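Visitor: this is a predicted model, with the sequence first.
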Amino acid sequence: MTDSRVEESTNHRSGVRFAELLKVQARLALREPYGLLTGIALPAVLLAVFGFIGRAVPGNVGGTGLTIIDLWIPTILVLAFIFIAISLPNTLVRDREIGWLRRVSTTPLHPAMLLAAQLVIDLVLAAVAVLIVIGGGALVFGASLHVQVLPFGASLLLAIAEIFALGLMLVALATTQTVASVVGGVVTFVLLFLSGLWVQPAQVGGPLQTIMYYSPSGAAARALLDAVFNGSPSYAALLTMVVYTVLFGFIAIRYFRWE
Amino acid sequence: MLPRCRAEVGQWPPIVSTRERERERRWTHEVNDQSNHSSSDDTRSRGTGRAHGGAAQSARRAGTVNAAEVVTVQHLVKRYGRLRAVSDVSFSIGEGEIFGIIGPNGAGKTTCVECISGLRAPDAGSISVYGLSPQKDRNKIRELVGVQLQESALPPRLKVSEAVRLFASFYLNPLDPDELLESLGIKQFENSAFKSLSGGQKQRLSIALALVGNPKLAILDELTTGLDPEARRETWSLIERMRDRGVTVILVTHFMDEAERLCDRLALINRGTVRALDTPEAIAATAGGSRLRFVPSQPVDDQTLRTIPGVRDIERKQRYVTVTGTRDLASSVITALAAIGVRVSDVEARAGNLEDAFLKLTQDDASTAEGAAET
């Protein structure tokens, strides 16, 4: 067999392998639905909560001219990404701790494929969350759908990339599943606060507003909000996200261990 | 045997039908081969599935390997930081052998097989597996070698059949997952999640995962640790069946009975070096020592006894004389004494076993061996 034919069959085979792997990983994700519950069910519930608050108390939060639902939709999106990304260590650190990644690395499949399959599944979850929050917000609670597609799309993708990179960094740094869940819990809480879940940066002002704007989750929420309601996107927020993505991604790759 | 094996090694990637046919032919050929030879060889009578050619067998018994060697390890060195886990290990494994690696905890056994399977890069020395380098030819090696790792679990909710099918999809030329589960006796658990399996079932699944890629070489690391006696015996017969299929097996163990029963040859590793490399019987006989107790018909002095080949120590208690030594002690002592007109009575002979040999070979440095790590 010539090298090119070997290569061809190898490529075909890696496709088949990856499909099989995706199927199995998806089944496992359904059997252990951390990401599914917190990444999709929780945002849907929050959307309903803020939607009804918005209907009862419409208009003009903190003099911004925006309604509660307008302001909180970006935050709820970011929250969905955070919960999905924080569920990454749950499976991946466990898989490493029990020796599953190592076990897989004795086969012709590179364990990076296992990681890739998990990421694909979580990206699908994130996409579903986006559809639910944006669709639900617009249809049920009348949130604005007049967005500039390009800045909004770019903000969404960057937000996902940045927060997933953060999740992968946790996977790389956490030594055990216990460490991962403790650190993950604290990080989640801090990120949720900074994204404006309890109080929006527009309401607090001062140095705390600046900290929120330049935090990983705050920058994501701000970029999304500005893409909808400002004439021009917030380049500062987009750049902040790029910096965080590169930083988290670098640390994740640098410190990643298979065993 | 040699040309056929060469042809197989050269055939890459292996083609399903040819390879299967080849295996079948080899199996039938060797069964005939076995029946044609006289079975004076004691190795053969130990197991039911001993399927080796006579030449290969005698070469192995001499502690060497014939030309169809599939794994060659030369002067392997592996350090973890300042610790030398493996300082100088060399051995060769012939096709179709069950090769045992025994040694105390922390001896470097696992490190050796991890280097062979390509999971770790050696610091010095060379390893060849079917003529390939585990480091450079990573993907090719992984098609040929099935590995069962010490303490490796599966995701708790993964089902048995899913795991085996998933692993089958990784290989070019896998076995049929259903047949494999059937033959390992875990077909009825195929819909059970990994976390609900018993220890023995988990080990069978682990063997299934090591075999589903249809490997030519299977590396099994501490396969029966933590199993109850019944499950251990069942696992042993699985290993024998594996060999009967033509798979070469590397078995890492610290159970002497397991090594004695299953292995064609053994490497006893202690503190990162090979202390003995031979058949289990030969290691037991040379290092373990034999013991012979008898009553001579007339007094024999120590001087005379010491001239008999193999005699090492002499003890006397009342009219009993006990000599310890190596190899075929009983017959050489009795023959030598008969030659000078001494008859013996009340003879009691005990062959040294592998455990004696193990203890003797490792006790020299047992006190300092604790610091060595095995992972």
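Guide: Done, it's in.

Visitor: what residues does the stretch 101-250 of chain B have near chain A?
Guide: With the criterion set to CB under 8 Å from any CB of the partner chain, the stretch 101-250 of chain B comes near chain A through B:117, B:119, B:139, B:142-143, B:145-147, B:149, B:151-155, B:157-158, B:162, B:165-167, B:169-172, B:209, B:213. Where C-beta positions appear, they are placed from N, C-alpha and C, glycine not excepted.

Visitor: run the last query once more with 7 Å
Guide: B:117, B:119, B:139, B:142-143, B:147, B:149, B:151-155, B:157-158, B:162, B:166-167, B:169-171, B:213 (CB under 7 Å from any CB of the partner chain).

Visitor: so which of these belong to strands?
Guide: Secondary structure of these is defined by DSSP state E; positions in strands are B:V147.

Visitor: and the strands in chain A, which stretches?
Guide: Going by DSSP E, chain A shows no strands.

Visitor: chain B contacts on that one?
Guide: The interface of chain A toward chain B, taken as CB under 7 Å from any CB, is made up of A:1, A:6, A:16-17, A:20-21, A:24, A:27-28, A:31-32, A:95, A:98-100, A:102-103, A:105-109.

Visitor: now the buried members of those residues.
Guide: In the residues of chain A next to chain B, burial by neighbour count holds for A:17, A:20-21, A:24, A:28, A:32, A:95, A:98-100, A:102-103, A:105-109, counting by 16 or more other CB atoms under 10 Å in any protein chain shown.

Visitor: from the residues of chain A next to chain B, which land in helices?
Guide: A:6, A:16-17, A:20-21, A:24, A:27-28, A:31, A:95, A:100, A:102-103 (DSSP state H).

Visitor: quick one: contacts for residue 88?
Guide: Using chain A. By CB atoms under 7 Å, 6 or more residues apart in numbering or on different chains, the contact set of A:L88 is A:Q118, A:D122, A:G167, A:L168, A:V171.

Visitor: if you could check chain B rather than the one you did, that'd help
Guide: B:H75, B:V77, B:T273.

Visitor: A:P216 too?
Guide: A:E162, A:I163, A:L166, A:L191, A:Y244.

Visitor: just the strands in chain B please.
Guide: Under DSSP E, chain B gives strands at B:69-80, B:83-94, B:98-102, B:124-129, B:145-148, B:217-221, B:248-253, B:265-270, B:273-278, B:290-296, B:311-317, B:320-325, B:344-350.

Visitor: just to revisit the earlier point, what would the contacts of A:L88 look like in a markdown table with neighbour count?
Guide: Below are the contacts of A:L88 laid out as a markdown table (neighbours: other CB atoms under 10 Å in any protein chain shown):
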| residue | neighbour count |
| --- | --- |
| A:Q118 | 24 |
| A:D122 | 23 |
| A:G167 | 26 |
| A:L168 | 23 |
| A:V171 | 25 |
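
Visitor: from chain B, which residue is nearest to chain A?
Guide: Closest to chain A within chain B is B:S152: 3.5 Å, counting by CB to the nearest CB.

Visitor: next, count neighbours for that residue.
Guide: Applying other CB atoms under 10 Å in any protein chain shown, we find 19 residues neighbouring B:S152.

Visitor: against A:Y213, how distant is it?
Guide: From B:S152 over to A:Y213 the distance is 46 Å, taken as CB to CB, to the nearest Å.

Visitor: try B:I141
Guide: 52 Å.

Visitor: more neighbours, those two?
Guide: Relative neighbour count places B:I141 above the other of B:I141 and A:Y213, with 22 against 19, counting by other CB under 10 Å.

Visitor: thought that one was touching B:S128?
Guide: No - contact between B:I141 and B:S128 fails when scored by CB atoms under 7 Å: they sit 10.2 Å apart.

Visitor: list the contacts of the residue of the stretch 101-250 of chain A found nearest chain B.
Guide: Of all residues in the stretch 101-250 of chain A, A:T106 sits closest to chain B, at 3.9 Å by CB to the nearest CB. By CB under 7 Å, 6+ apart, A:T106 lies in contact with B:S117, B:L119, B:R142, B:V147, B:L149.

Visitor: what's the nearest residue to the first one if we skip its chain neighbours?
Guide: By the measure of CB to CB, 6 or more residues apart in numbering or on different chains, the closest residue to B:S117 outside its immediate chain neighbours is B:V147, 4.9 Å from it.

Visitor: with the third one instead?
Guide: Nearest-residue entry for B:R142: A:P108, 4.4 Å, with adjacent residues in sequence omitted and distances by CB to CB, 6+ apart.

Visitor: okay, and for the stretch 151-259 of chain A, where does confidence drop off?
Guide: A:230-232 (pLDDT under 70).

Visitor: just want the residue of it that's nearest chain B.
Guide: A:E259 (8.5 Å).

Visitor: what's the neighbour count on that residue?
Guide: Quick note: A:E259 (other CB under 10 Å) scores 14 neighbours.

Visitor: next: B:G106.
Guide: Counted by other CB under 10 Å, the residues lying close to B:G106 total 20.

Visitor: same question, the one 10 residues further on
Guide: Taking other CB under 10 Å as the neighbour definition, B:I116 ends up with a count of 26.

Visitor: okay but it is in contact with B:P134, surely?
Guide: Yes - if you go by CB under 7 Å, B:I116 and B:P134 touch, sitting 6.3 Å apart.

Visitor: anything in contact with each of the two?
Guide: By CB under 7 Å, 6+ apart, the residues touching both B:I116 and B:P134 are B:I127.

Visitor: show me where the stretch 51-200 of chain A has helices.
Guide: A:68-97, A:100-104, A:112-141, A:149-173, A:177-195 (DSSP state H, counting those that start in this stretch).

Visitor: which one of those is the most hemmed in?
Guide: helix A:68-97 (a mean of 25; mean count of other CB atoms under 10 Å in any protein chain shown).

Visitor: how far away is the residue of the stretch 51-200 of chain A found nearest chain B from B:L119?
Guide: For the stretch 51-200 of chain A and chain B, the shortest gap (CB to the nearest CB) falls at A:G99, measuring 3.5 Å. Distance, A:G99 to B:L119, using CB to CB: 11 Å.

Visitor: equivalent analysis for A:E97, please.
Guide: 17 Å.

Visitor: about what we covered before: narrow the contacts of B:D88 to those that are buried.
Guide: B:V77, B:T273.

Visitor: identify the residue nearest the geometric centre of the chain.
Guide: With no chain named, the answer covers chain A. Geometric centre of chain A, nearest residue: A:F81, 2.6 Å, by CA atoms, centre = their mean.

Visitor: other chain: chain B
Guide: Mean-position check on chain B, CA atoms, centre = their mean. Result B:G100 at 2.1 Å.
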